[in-house]
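In: need the 3D shape of this:
(one chain, ligands or ions: 1)
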Amino acid sequence: MAFTRKNVWELGGDWADPILWYARGVKAMQARPLAEPTGWRFYGAIHGIDPGLWQQLGYLDPNERPPSDADVAAYWNECQHGSWYFLPWHRGYLLALEAVVRDAVVKAGGPADWALPYWNYFKPNQNALPPAFASPDWPDGRGDNPLFVPQRHGPRNDGKVVVPVRMINLNALGDPDFTGSADGGSPGFGGVNTGFSHGGDVHGGIETQPHDFVHGLVGGRDPETGLPGLMSDPDTAGLDPIFWLHHANIDRLWEVWRENPRSDVDPSDANWVSGPAAVGDRAFVLPMPGGVRFTYTPGQMSDLAALGYNYDDVSPPAGTPQRIARFRRLGARAAAVEALARSSAMAARKTAELLGANSEGIRVSGAEARTSVALDAAAKSRLTGSLRAVTAAAAGAPDRIFLNLENVRGLSDATAFEVYINVPEGEDPAKHPELLAGSIALFGVRKATLADNTHAGNGLTFVLEITHVIDTLHLAGALNADQLHVRLVPLNPVPEAAKISIGRISIFRQPG
Ligand SMILES: [Cu+2]
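Out: Next up is the predicted model:
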C-alpha cells in the first residue's frame with residue numbers, strides 16, 4: 001500500500017477525517033510517559049531538548065522518570081541542521097512519527113492508510129494555521145484538542161498565526177545543486193557537506209527559506225516572558241503538532257525539486273549516501289511501533305516509491321525561479337538561452353570569490369540596522385564582465401551572487417528580518433521589493449550561540465542569493481558604485497535582551 005500525503009487545506013473540512021485521526025493519534029502518544037520511545041515528548045526530544053526550557057514551558061517535570069541512558073544516547077538530540085543531512089534526516093523522522101501515529105490510529109479503529117497531511121502555506125488562502133490547530137476545542141466543543149498549542153505566538157507575537165506570503169520564497173527550488181559549500185557561494189538546495197550535524201553553522205537553501213522562516217513566524221516569542229513559542233526553537237519545535245505538517249511540506253518541496261529537474265540530482269558522494277554512521281559517527285535511528293528500531297541512511301531516503309509513500313501534488317509552484325528567465329532578462333539571444341541553461345546546470349561547482357565585506361560586526365536591535373559593503377574593484381569587474389557577456393553568442397552562464405550573514409549570534413530564535421540592498425535614502429524599503437535580498441529567521445541561533453559540547457558558540461551563517469537584486473542594479477547601470485548599502489528590517493522591533501549580532505556581512509560571486 002502506498003500512502004498519500006495530502007494538502008491539509010483541501011481535505012474537505014476543518015476536521016476532515018485525516019485531521020481528526022491525527023488528533024486522536026497525537027492524543028494517544030501524549031498519554032505515554034516521557035520514558036516511552038513512542039511517546040509524544042520522547043519524539044520531541046529526538047529533535048532536541050533543553051530541559052530547562054521544557055520546564056519553563058510546562059513540558060517537563062523534574063521529578064519524572066527519564067528514559068534509560070542508552071535510549072537517550074541513541075535517540076535524543078538527533079536532528080540534523082546546517083547540513084546536507086537536513087532533508088534526509090527529517091524525511092526519516094517524518095516516516096517514523098507517521099508510523100507511530102498510524103499504529104495508534106489503527107488500534108483505535110481508524111483507517112489503515114492514514115497519512116500525514118502537509119501545510120502548503122504558499123497556496124492562495126492557505127497561509128493561515130489550519131483551523132483544527134487554532135481551536136482549543138475538539139469539533140464537539142470539548143476543550144482538550146491536542147492539536148492546539150498555546151505557545152504559538154505568530155509573526156506579530158499576538159497569537160494570530162499566519163505566514164506572511166510576501167516574506168517567504170521558493171528561491172531554493174531554482175538552485176541547480178543539492179550540495180553547496182561553506183565558502184561564501186551557494187549553500188546548495190539541500191545544504192553543505194558536514195558530518196553528523198545537530199545544528200551546523202551554514203544553513204542550506206531550502207532550510208533557510210521557507211523552513212527556518214516558517215518556524216520562527218509560527219512560534220514567535222511570548223511578548224511577556226520572552227520565551228520562544230514551541231516552533232521557534234529546535235529544542236521545543238517537535239512538541240508542536242503543526243511541526244509535522246510544516247516538515248511534510250518541506251519534504252514535499254524536496255520531491256518538487258527532484259521531479260522538475262534540468263539535471264538536479266541528490267548527492268552521489270559516499271559520505272552523503274551512507275551517512276555519518278559509516279564513518280563511525282552517530283547513526284540515524286528512530287523508535288518505531290512495537291519496539292522496532294528504524295536505522296536508515298540518507299541514500300535510502302531519496303526514492304519515495306521505494307519508501308512507500310507519495311504526495312498528491314509535486315508540480316512546480318508558481319514563483320519557482322527560472323534560470324531561463326534570468327538569461328532573457330540579461331539580454332541573451334533567444335537561440336542562446338537553452339545552451340546557457342545547460343551550461344549552468346552542467347558546470348562543475350566553481351569556487352566563490354569574495355566581492356567585499358563590511359568592516360566590523362553589527363548589532364541588530366530596534367527597528368532597523370544598516371551597514372555598507374565595500375566592493376573589490378577587480379572582483380567587481382569580473383562580475384560585471386560575466387553579466388555583460390550573456391549578450392554575446394558563445395557566453396558561459398553569468399555569475400550568481402550571494403550575501404552572507406556570518407556568525408549570527410543571539411538568544412531569540414524568533415527574530416526575523418528582511419534584508420534589502422541599496423534602498424534609496426529616505427525611502428521605505430517595503431516599496432522596493434526589487435531590492436529585497438531575502439528574509440531570514442534565526443532558527444537555532446540560541447543553541448549555536450551558547451558554547452557547549454557540540455558548538456563553539458560561533459553562531460549561524462545564513463546565505464541569501466542576491467543574483468536577482470544584482471541583475472536589477474546592473475541593468476539600471478547602478479553597479480558602478482564602490483559599495484553596496486545593506487538594510488536589515490526586522491519584522492518586529494528586536495529587544496536589546498535578544499542580543500542579536502552579526503559578525504560580518506560579506507558578498508561573494510560564484511561563476512555560473
Ligand atoms: Cu524544522
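In: now do the contacts for A248.
Out: 5, 94, 116-119 (CB atoms under 8 Å, 6 or more residues apart in numbering). C-beta here means a position set from N, CA and C on the backbone, and glycine is covered the same way.
In: how about it: what's its closest non-neighbour residue?
Out: Distances taken as CB to CB, 6 or more residues apart in numbering place Y118 nearest to A248, at 3.6 Å, with adjacent residues excluded.
In: any idea how far the one you found is from Q300?
Out: Plainly put, Y118 is 21 Å away from Q300 if you go by CB to CB, to the nearest Å.
In: so what's the residue nearest to A248 bridging to?
Out: N7 (DSSP bridges).
In: Y118 and Q300 - which one has more neighbours?
Out: More neighbours surround Y118 than the other of Y118 and Q300, with 25 against 17 (other CB atoms under 10 Å).
In: gap between H47 and L239?
Out: Applying CB to CB to H47 and L239 gives a distance of 9 Å.
In: helices and strands around the longest helix along the chain, which ones?
Out: As assigned by DSSP state H, the longest helix anywhere in the chain is helix 86-107. In terms of contacts (3 or more CB pairs under 8 Å, 6 or more residues apart in numbering; DSSP states H and E), helix 86-107 is packed against helix 17-30, helix 40-47, helix 242-259, strand 284-287, strand 293-296.
In: tell me the buried residues in that helix?
Out: 86-106 (16 or more other CB atoms under 10 Å).
In: just want the angle from it to helix 40-47.
Out: 170 degrees (axes from the mean of the first three to the mean of the last three CA atoms, to 10 degrees).
In: what mean pLDDT does helix 86-107 get?
Out: Average pLDDT, helix 86-107: 98.
In: next: stretch 467-481.
Out: Mean predicted lDDT for stretch 467-481 stands at 91.
In: for stretch 179-191, same thing?
Out: For stretch 179-191, the mean confidence score works out to 94.
In: pull it out as PDB, backbone CA atoms only.
Out: Below are the C-alpha coordinates for stretch 179-191, written out as PDB (Å, rounded to 0.1, in the frame of the first residue of the first chain):
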ATOM      1  CA  THR A 179      25.100  20.200  -2.200                       C
ATOM      2  CA  GLY A 180      26.500  23.600  -1.500                       C
ATOM      3  CA  SER A 181      29.700  24.800   0.200                       C
ATOM      4  CA  ALA A 182      30.500  26.900   3.100                       C
ATOM      5  CA  ASP A 183      32.900  29.100   1.100                       C
ATOM      6  CA  GLY A 184      30.500  32.000   0.700                       C
ATOM      7  CA  GLY A 185      28.900  30.800  -2.500                       C
ATOM      8  CA  SER A 186      25.700  28.800  -2.800                       C
ATOM      9  CA  PRO A 187      24.800  26.700   0.200                       C
ATOM     10  CA  GLY A 188      23.000  24.400  -2.200                       C
ATOM     11  CA  PHE A 189      19.400  23.400  -2.300                       C
ATOM     12  CA  GLY A 190      19.900  20.800   0.400                       C
ATOM     13  CA  GLY A 191      22.900  22.200   2.400                       C
END
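In: and that stretch, how far from the chain's centre?
Out: Relative to the centre of its chain, stretch 179-191 is centred 14 Å away, using CA atoms, centre = their mean, to the nearest Å.
In: report the buried residues of it.
Out: So stretch 179-191, judged by 16+ other CB under 10 Å, has buried residues 179-191.
In: repeat that for stretch 467-487.
Out: So for stretch 467-487, counting by 16+ other CB under 10 Å, buried means 467-474, 479, 484-487.
In: from those residues, pick the one nearest Y22.
Out: For the buried residues of stretch 467-487, the closest approach to Y22 (CB to CB) belongs to H468, at 38.2 Å.
In: how close does that closest one sit to R166?
Out: Taking CB to CB, one finds H468 at 15 Å from R166.
In: chain neighbours aside, what residue packs nearest to S302?
Out: Nearest to S302 is D266, by CB to CB, 6+ apart, at 4.8 Å.
In: same question but for G410, I mixed them up
Out: I500 (3.7 Å).
In: residues in contact with that neighbour?
Out: Going by CB under 8 Å, 6+ apart, the list of residues near I500 reads 363-365, 408-410, 412, 415, 442, 445, 494.
In: now do 7 Å
Out: Contacts for I500 (CB atoms under 7 Å, 6 or more residues apart in numbering) come out as 364-365, 410, 415, 494.
In: so which of those residues is the closest to A451?
Out: For the contacts of I500, the nearest to A451 is G410 (14.2 Å; CB to CB).
In: please enumerate the helices of the stretch 101-250 of the chain.
Out: When assigned using DSSP state H, counting those that start in this stretch, the helices of the stretch 101-250 of the chain occupy the ranges 131-134, 205-206, 213-219, 242-259.
In: which one of the ones you listed is the most hemmed in?
Out: helix 213-219 (a mean of 28; mean count of other CB atoms under 10 Å).
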